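Visitor: dropping a prediction and its sequence here:
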Amino acid sequence: MAPNDLPAVVIQRSEVAPGLVVLRLAPDGWELPEFEPGQFAVLGLPGSAPRYRLSEPEASPPKDPSKVIRRAYSIASSSKARSYLEFYVALVSTGALTPRLFALGIGDRVFMSTRISGILTLEEVPYDKHLVLVATGTGIAPYMSMVRTYVDLHSPRRFAVIHGAYHSWDLGYRDELMTLSRLCPTFTYLPSLSHPQQEPVPWPGHVGFVQSTWTDGTLEREWGFRPAPSDTHVYLCGNPAMIDDMVEILRRDGFTEHSRKQPGTVHVERFW
Ligand SMILES: Cc1cc2nc3c(=O)[nH]c(=O)nc-3n(C[C@H](O)[C@H](O)[C@H](O)COP(=O)(O)OP(=O)(O)OC[C@H]3O[C@@H](n4cnc5c(N)ncnc54)[C@H](O)[C@@H]3O)c2cc1C
């Protein structure tokens, strides 16, 4: 595999918790295309690339080790950051690509697509609508790009990020989102833990799945009104089971799924 086939370089690697890593990749000798927050790039490594020492053996090792294994990853950095793209990746221990991505260090090369795509963007949402961004795990990545690009102290538009994780240490970007909610009155951050009994000290925040943050009125209490399809769009990203549940809950509240043909107020991205 020639280095030119792997046109990006790792410039930062931060381990959030075991099995969760933030990677910053810089293009080597080419310019990043313009993109909309919420879109994804394709990352890849050849089958010959080493696997992370804490991963498990893959079910079927690659037949052709020179072939690049490619997967989609949402961009977490702002579209205003022009020298790198940031990604938030969960280790799938027996997976094909993530154990190889986890083995990367600073200066290592990786395939990063020059094309950026995806429809989970804010482009089709009128500017006077509020936004509720619901994620599990690394599903927070596209919202980080949106928040980092668009949250504005002087805008009347409200942003709420509802983020679900097993443990408090799995809540990637928590410090940044807490700081933002302290500084910006229109930004609300609502993390929720599904396994609070495993916390070393009692968790003072919301417990349960992200679905209950919506159904039990937590957001309504924060905002002072109940978000409705007339004033709010909802985004769902991450675990497909959470998305299926939320689509049904939101349907009962009058929200409808958005598509290019049929505009609606629920925008969805399933990671698998
Ligand atoms: C549009 C899009 C954006 C994506 N963005 C991200 C992202 O920002 N961060 C990210 O970590 N992943 C993201 N993914 C998932 C990513 O593309 C890969 O599927 C994932 O990293 C697993 O790759 P793998 O080769 O290691 O596993 P594979 O060998 O391909 O195994 C796939 C299996 O792993 C499981 N799996 C996949 N993703 C996850 C996950 N996140 N958590 C737990 N189990 C999982 C599922 O059971 C799936 O069937 C995105 C997927 C899509 C379609």
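Guide: Sure thing, it's come through.
Visitor: give me the residue from the chain nearest the ligand.
Guide: Using Cβ to the nearest ligand atom, the point where the chain gets nearest to the ligand is residue 95, with a distance of 2.2 Å. (C-beta placed from N, C-alpha, C; glycine too.)
Visitor: can you pull out the strands in this protein?
Guide: Counting by DSSP state E, the chain has these strands, from start to end: 8-17, 20-27, 40-46, 68-74, 85-90, 109-112, 130-136, 159-165, 187-193, 206-207, 232-238, 266-270.
Visitor: picking up where we left off before, pretty sure the residue of the chain closest to the ligand is in contact with residue 59, am I right?
Guide: No: Residue 95 is not in contact with residue 59 according to Cβ atoms under 8 Å; the separation is 9.3 Å.
Visitor: of the two, who's got more company?
Guide: In this view residue 95 and residue 59 are compared by other Cβ atoms under 10 Å, and residue 95 has more residues nearby, 19 against 8.
Visitor: how about the more buried one, phi and psi?
Guide: Reported as degrees, to the nearest 10, the phi and psi values for residue 95 are phi -70, psi 170.
Visitor: which ones are touching the closest residue to it other than its chain neighbours?
Guide: In space, and not counting its chain neighbours, residue 95 is closest to residue 58: 7.1 Å by Cβ to Cβ, 6 or more residues apart in numbering. Residue 58 sits next to 51, 94-96, 99 when contact means Cβ atoms under 8 Å, 6 or more residues apart in numbering.
Visitor: let me know the closest of the residues you listed to residue 161.
Guide: Comparing the contacts of residue 58 against residue 161 with Cβ to Cβ places residue 95 closest, at 26.6 Å.
Visitor: quick revisit: what pLDDT does the residue of the chain closest to the ligand get?
Guide: According to the per-residue confidence, residue 95 scores 96 in pLDDT.
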